[in-house]
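Participant: Next comes the sequence, and after it the predicted model I'd like to discuss.
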Amino acid sequence: MQNTKAGSLESLGIPNRAPDPATNTRFTGRTILILIGVAVILKVGQEILVPLALALLLTFALAPIVSFLRKRSVPKIVAVIFAVVSAFSAIALFSFIVATQVTNLASNIPTYQRNIVEKVQALRDAGSGSGVIEHLSRVAERVGSELQINATAERERPDVPPSVDRDPMPVEIITRTNPIRTLGNLILPLISPFATAGLVVVLVVFMLLEREDLRDRFIRLVGLGDLHRTTAALQDAGRRVGKYLLMQLVVNTLYAIPITLGLWILGIPNAILWGLLTLVFRFVPYIGPVVGMVLPLFLALAIAPGWSLVLWVAALFATIELISNNVIEPWLYGSHTGLSPLAIIISAIFWSWLWGPLGLMLSTPLTVCLVVLGRHVPQFAFLDVLLGNEAVLEPHEKLYQRLLAGDPSEATDNAEEYLEDEYLADYYEKVGLPALLLAELDRQRGVMTDRQLHMFSANCRALVDNLSDIAEEEENEESPSLAASDGSDADGSGAIPSGKGRSVLCLGGRGEMDDAAAAMLGQVLEVEGASVRTGSHGDLIARATMPPRMEGVDTVVVAFLNGNSKAHARLSVRRIKRLRADLRVGIMIPLANGLDNPRIEPAEIGADFVCETLSRTIEQALTAAPPVLLQIPPRKASRPRARLVKAAV
């Protein structure tokens, strides 16, 4: 039976996600050990891996330039040298300007000391009026006096040796310095950055020259068995990282230019320095813009006697930040990195812990590479799930989870977002009914309690009620509804007929979830213009309540989510036909074809139509056709009781 249900899910496009718990546990433990080992290697091998990571990212950024030049018949070595020289010349010029500005700023810092002292004194005077500063000072003095009393008491204890109270003897240590060692201590810290930069340049040049060979070796090492997937991973990684670095540079430049001009107009010294630092800091997500704003604010606090300049600088940064986040970034690249905001923050913390400030700068590009790896390599799929920004649950799975958790409000928000581009019939066809089918399968497996069943069904009805406004909007507009999913022609030959003048009664077949499916069906029929009444599965049992509901109705549709409902469907059709033989009675049973039993034919149960999809049910319910008369075979004549008694004797 379990295999049958799995097959029914796959036939409806619902993936079967039931991994083996033992295998999943082993995989999780092995993965955690691998991640710990990788983190240790990254920490220990920092001196080697940091230049390698820098070179790799610069290779991603410069590869499009080399490819552009190669398409213009430029020799490979010339294209590589031109790209590398141009990039590192820009970096060197940037560093020179920043160093010059920093030197100028350092020479002017003593002139700002007076303003800083005056502002601190003003804050102290403002605090002294309320008594806050004085109270804190008294607390600090009291704590100091208590510590001094305790120290004096310890010295006066009789069991303490007299030598403890003696004053320490001053000792002067004289060492003989080695001139060569001193020179090395001064030169090595200066040479180290240049050595790292030189190593990065060499690596970038050789990576660009041997790019095709490195690609082939990587494919041979990890992806020869699936060239298509490995090629897609390499292309995706190169495109995402290269585009991110290029677009981020453009965005930061467009951000730094007005900041520099604004600071210069406001009279902030070294405006070029703050603009360039802002350009660099914005490569650090979330934290960078704040750091880039704090330094100019502190300088504005130091150079001006009042507070107006600080407010103007803060307003400048806030305005440019809003324009950049809401206009420039969505216009240029949006969220093409593929990372969730939380993943960006976590990756910044992780890489800065590993490699310091440089790791913070490289956190986003490196994490993008990890997400691409997880997206194309099954063994690392958890990286895409944890760090990616794409939905990890299908819409119908998400709806089922929200309704099962008792949150119809969030389910409504997700539905409204989905309905911005789709119609209500599409939503119920692709999301609503599949979510109900997942619930029905869990009910058949016995994992849902009666309370959960009742709550889930009530939340489904609440969702339908919440979408009534959207249903009214669609009903009032001239819009094409969902056509038959079994392949309608483009000329409209398979379109759903209008529901004007039609009256339909929608009933649940066997339980509360069937009632929810009937409510969804009824709402879509109302959108199509039909007059709709809805009822519950209890109405089929309580015959006394059925005749009033069927007054003025020409079609009755009974919804069954359980595919093993052939006998129940036959009984429901007979009950309805006996009450009114002129009614058209149809059955909606989405799981009929997904099970091993053959397809239910209308003649087998006496129904006018049997449909497996919502769109087909709507089409049949709105079709004006004469009803099938119920033919009940006559009962066999019973033998006389006396004859039976005689035969028994």
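Facilitator: Arrived safely. Numbers count the residues shown, from 1 in each chain.
Participant: Residue 507: what secondary structure?
Facilitator: Residue 507 falls in the strand class when you classify it by DSSP: H, G, I helix; E, B strand; the rest coil.
Participant: sec struct for residue 551, please.
Facilitator: Assigned state for residue 551: coil (three-state reduction, three-state DSSP).
Participant: let me redo that: residue 556
Facilitator: The three-state assignment at residue 556 reads strand, by three-state DSSP.
Participant: Please apply the same query to residue 563.
Facilitator: Three-state assignment for residue 563 (three-state DSSP): coil.
Participant: In this structure it contacts residue 599, no?
Facilitator: No - in terms of CB atoms under 8 Å, residue 563 does not count as a neighbour of residue 599; the distance is 10.3 Å. The C-beta positions use only the backbone N, C-alpha and C, and glycine is treated the same way.
Participant: Who has more neighbours out of those two?
Facilitator: Here residue 563 and residue 599 are set side by side on neighbour count (other CB atoms under 10 Å), and the busier one is residue 563, at 23 against 11.
Participant: Now stretch 54-65: buried residues?
Facilitator: Of the residues in stretch 54-65, those buried by neighbour count under the rule 16 or more other CB atoms under 10 Å are 54-63, 65.
Participant: Just the mean pLDDT for that stretch, thanks.
Facilitator: Average pLDDT, stretch 54-65: 83.
Participant: what's the answer for stretch 302-309, then?
Facilitator: The average pLDDT for stretch 302-309 rounds to 76.
Participant: list the buried ones in that stretch?
Facilitator: Residues of stretch 302-309 classed as buried under the neighbour-count rule (16+ other CB under 10 Å) are 302-304, 309.
Participant: just for the stretch 51-200 of the chain, where's the confidence low?
Facilitator: Within the stretch 51-200 of the chain, the stretches with pLDDT under 70 are 111-192.
Participant: Once you drop chain neighbours, what's closest to residue 81?
Facilitator: residue 205 (7.4 Å; CB to CB, 6 or more residues apart in numbering).
Participant: residues in contact with the one you found?
Facilitator: For residue 205, the residues meeting the contact criterion (CB atoms under 8 Å, 6 or more residues apart in numbering) are 80-81, 84.
Participant: May I see the PyMOL selection of the buried members of the residues you listed?
Facilitator: Typed into PyMOL, the line below selects the buried ones among those, using 16+ other CB under 10 Å:
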select buried, resi 80+84
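Participant: Kindly reformat the contacts of residue 205 as JSON lines containing distance to residue 244.
Facilitator: Written out in JSON lines, the entries for those read as follows (distance: CB to CB, whole Å):
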{"residue": "80", "distance to residue 244": "22"}
{"residue": "81", "distance to residue 244": "25"}
{"residue": "84", "distance to residue 244": "20"}
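Participant: Now, the contacts of residue 205 that are in helices?
Facilitator: Counting by DSSP state H, the part of those found in helices is 80-81, 84.
Participant: Can I get the helix or strand harbouring residue 518 in CSV, CA atoms only?
Facilitator: Assigning secondary structure by DSSP states H and E places residue 518 in helix 512-527. These are the backbone C-alpha positions of helix 512-527, laid out as CSV (Å, rounded to 0.1, in the frame of the first residue of the first chain):
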residue,chain,number,x,y,z
GLU,A,512,-13.9,17.3,6.4
MET,A,513,-11.0,17.6,3.9
ASP,A,514,-13.4,16.6,1.2
ASP,A,515,-15.6,19.5,2.3
ALA,A,516,-12.6,21.8,2.0
ALA,A,517,-12.0,20.6,-1.6
ALA,A,518,-15.6,21.2,-2.4
ALA,A,519,-15.3,24.7,-1.0
MET,A,520,-12.4,25.4,-3.3
LEU,A,521,-14.3,24.1,-6.3
GLY,A,522,-17.3,26.1,-5.4
GLN,A,523,-15.3,29.4,-5.1
VAL,A,524,-13.9,28.9,-8.6
LEU,A,525,-17.3,28.1,-10.0
GLU,A,526,-18.5,31.4,-8.6
VAL,A,527,-15.7,33.2,-10.3
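Participant: Run through the neighbouring helices and strands of it.
Facilitator: Using 3 or more CB pairs under 8 Å, 6 or more residues apart in numbering; DSSP states H and E as the contact test, the elements touching helix 512-527 are helix 424-427, helix 433-445, helix 450-466, helix 468-476, strand 503-508, strand 531-534, strand 555-559, helix 614-621.
Participant: measure residue 47 to residue 195 for me?
Facilitator: Residue 47 sits 11 Å away from residue 195, going by CB to CB, to the nearest Å.
Participant: from the buried residues of stretch 302-309, which is closest to residue 348?
Facilitator: The shortest approach to residue 348 among the buried residues of stretch 302-309 belongs to residue 302, at 29.4 Å (CB to CB).
Participant: What's the separation between that closest one and residue 267?
Facilitator: With distances defined as CB to CB, the gap from residue 302 to residue 267 amounts to 13 Å.
Participant: what's the answer for residue 549, then?
Facilitator: Residue 549 sits 80 Å away from residue 267, going by CB to CB.
Participant: Which secondary structure element is home to residue 289?
Facilitator: Of the helices and strands defined by DSSP H and E, residue 289 is found in helix 287-303.
Participant: which regions of the stretch 201-350 of the chain lie under the pLDDT threshold?
Facilitator: Applying pLDDT under 70 to the stretch 201-350 of the chain flags residues 221-238, 240, 242, 285, 329-338.
Participant: again, only using 80
Facilitator: With pLDDT under 80 as the threshold, the stretch 201-350 of the chain has low-confidence stretches at 211-248, 283-288, 301-307, 324-345.
Participant: one step back: mind exporting the helix holding residue 289 as CSV, just the C-alpha atoms?
Facilitator: C-alpha atoms of helix 287-303 as CSV (Å, rounded to 0.1, in the frame of the first residue of the first chain):
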residue,chain,number,x,y,z
ILE,A,287,28.5,46.0,8.2
GLY,A,288,30.5,47.9,5.6
PRO,A,289,28.1,50.8,5.0
VAL,A,290,27.9,51.5,8.7
VAL,A,291,31.7,51.5,9.1
GLY,A,292,32.0,53.8,6.1
MET,A,293,29.5,56.2,7.7
VAL,A,294,31.0,56.3,11.2
LEU,A,295,34.4,57.7,10.3
PRO,A,296,33.1,60.8,8.5
LEU,A,297,30.6,61.3,11.3
PHE,A,298,33.4,61.2,13.9
LEU,A,299,35.4,63.7,11.8
ALA,A,300,32.3,66.0,11.5
LEU,A,301,32.0,65.8,15.3
ALA,A,302,35.7,66.9,15.6
ILE,A,303,35.9,69.8,13.2
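Participant: helices or strands up against that helix?
Facilitator: Contacts of helix 287-303 with other secondary structure elements, assessed using 3+ CB pairs under 8 Å, 6+ apart, are made with helix 113-130, helix 271-281, helix 308-323.
Participant: Many thanks, have a good one.
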